[in-house]
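Participant: pasting the structure only:
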């Protein structure tokens, strides 16, 4: 069985292993693959694994040997699933492998804003505390989370885990969700009520035509100027220029994001110049533990496919 991994570097930059996959076939791992090389590299493969390399209708049509596409992620928008099915190709993904890691990143961002630990660590490497006249000092607002209202858009695996952690911090939790009944402790509200009442808003919904730019100039006007907005979902959920303007004008206290509409971002992305925008480079999913789970499930998906009992089919 010929297996090709088109962009294996992000899942395994060298600290993990594809050894288990190699027991299932002849494996070739490419660190990265540009669009002009996709067909050439996948031409002899019966199984292809991809993270961000696009397998659209035209590419799939040029791969007659292909029987299986495994997406090394939860989202599978990089694959034209309809075209794959038309050619008899199975497509699988890896759901829920990064739930704990992404939820952790939400609160890493939030605590960065409320406690400013990095700010003080940098200052004190420069000797600021050494020069203090008192046993302590602070030059930023420090905020307690208990009693604050935490809003969530989307209560999938990650959204629910974030809600649990918010409740453990002593926060009130409100959510916009398509579910009729929400878990205990979470109040179901409309989007308008969510935007206008929360102190923190965290986005965890899928990217669809109805959620694209869910956060825009109009929705930002409903939010408190003291509110903190967090996006670890999908970059285009947010109108980045509108958020940058809100930050610059003092209509939003902070924006925390692990995802942007274009990745890597353009140098002139307006958020990169805002001091109250806290941007990480799409790493919420990338803990060692999450990547181990990702590879393990991806290999098990192939094993199940080969045995005739496929799992995680999309």
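Facilitator: Cool, the structure landed. Since we're looking at a predicted model, the values are computed, not measured. Numbers count the residues shown, from 1 in each chain.
Participant: From residue 95, how far out is residue 71?
Facilitator: 10 Å (Cβ to Cβ, to the nearest Å). For glycine as for every other residue, the C-beta is placed from the backbone atoms N, C-alpha and C.
Participant: likewise residue 45?
Facilitator: Residue 45 is 24 Å from residue 95, by Cβ to Cβ.
Participant: try residue 306
Facilitator: For residue 306 relative to residue 95 (Cβ to Cβ), the value is 20 Å.
Participant: just residue 231 next, same as before
Facilitator: For residue 231, the distance to residue 95 - Cβ to Cβ - is 20 Å.
Participant: So those two - more neighbours on which side?
Facilitator: Neighbours were counted for residue 231 and for residue 95 using other Cβ atoms under 10 Å; residue 231 has more, 27 against 17.
Participant: Which residues are in contact with the nearest residue to residue 287 once chain neighbours are set aside?
Facilitator: In space, and not counting its chain neighbours, residue 287 is closest to residue 101: 4.3 Å by Cβ to Cβ, 6 or more residues apart in numbering. In this structure, residue 101 makes contact with 284, 285, 286, 287, 289, 290, judged by Cβ atoms under 8 Å, 6 or more residues apart in numbering.
Participant: helix/strand/coil for the residue in the chain sticking out farthest from the centre?
Facilitator: Centroid-distance maximum for the chain: residue 133 at 43.3 Å, with Cα atoms, centre = their mean. Here residue 133 is recorded as coil under DSSP: H, G, I helix; E, B strand; the rest coil.
Participant: same question, residue 3
Facilitator: Recorded secondary structure, residue 3: strand (three-state DSSP).
Participant: for this protein, what's the longest helix?
Facilitator: helix 288-306 (DSSP state H).
Participant: Next, the buried residues of that helix.
Facilitator: 290-295, 297-299, 301-303, 305 (16 or more other Cβ atoms under 10 Å).
Participant: Serialize those to JSON lines and add fields for distance to residue 178 and pLDDT.
Facilitator: Shown next, in JSON lines, are those (distance: Cβ to Cβ, whole Å; pLDDT from 0 to 100):
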{"residue": "290", "distance to residue 178": "26", "pLDDT": "98"}
{"residue": "291", "distance to residue 178": "30", "pLDDT": "98"}
{"residue": "292", "distance to residue 178": "32", "pLDDT": "98"}
{"residue": "293", "distance to residue 178": "27", "pLDDT": "98"}
{"residue": "294", "distance to residue 178": "27", "pLDDT": "98"}
{"residue": "295", "distance to residue 178": "32", "pLDDT": "98"}
{"residue": "297", "distance to residue 178": "26", "pLDDT": "98"}
{"residue": "298", "distance to residue 178": "29", "pLDDT": "98"}
{"residue": "299", "distance to residue 178": "33", "pLDDT": "98"}
{"residue": "301", "distance to residue 178": "27", "pLDDT": "98"}
{"residue": "302", "distance to residue 178": "32", "pLDDT": "98"}
{"residue": "303", "distance to residue 178": "34", "pLDDT": "98"}
{"residue": "305", "distance to residue 178": "31", "pLDDT": "98"}
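Participant: Having no further points to raise, I will conclude here.
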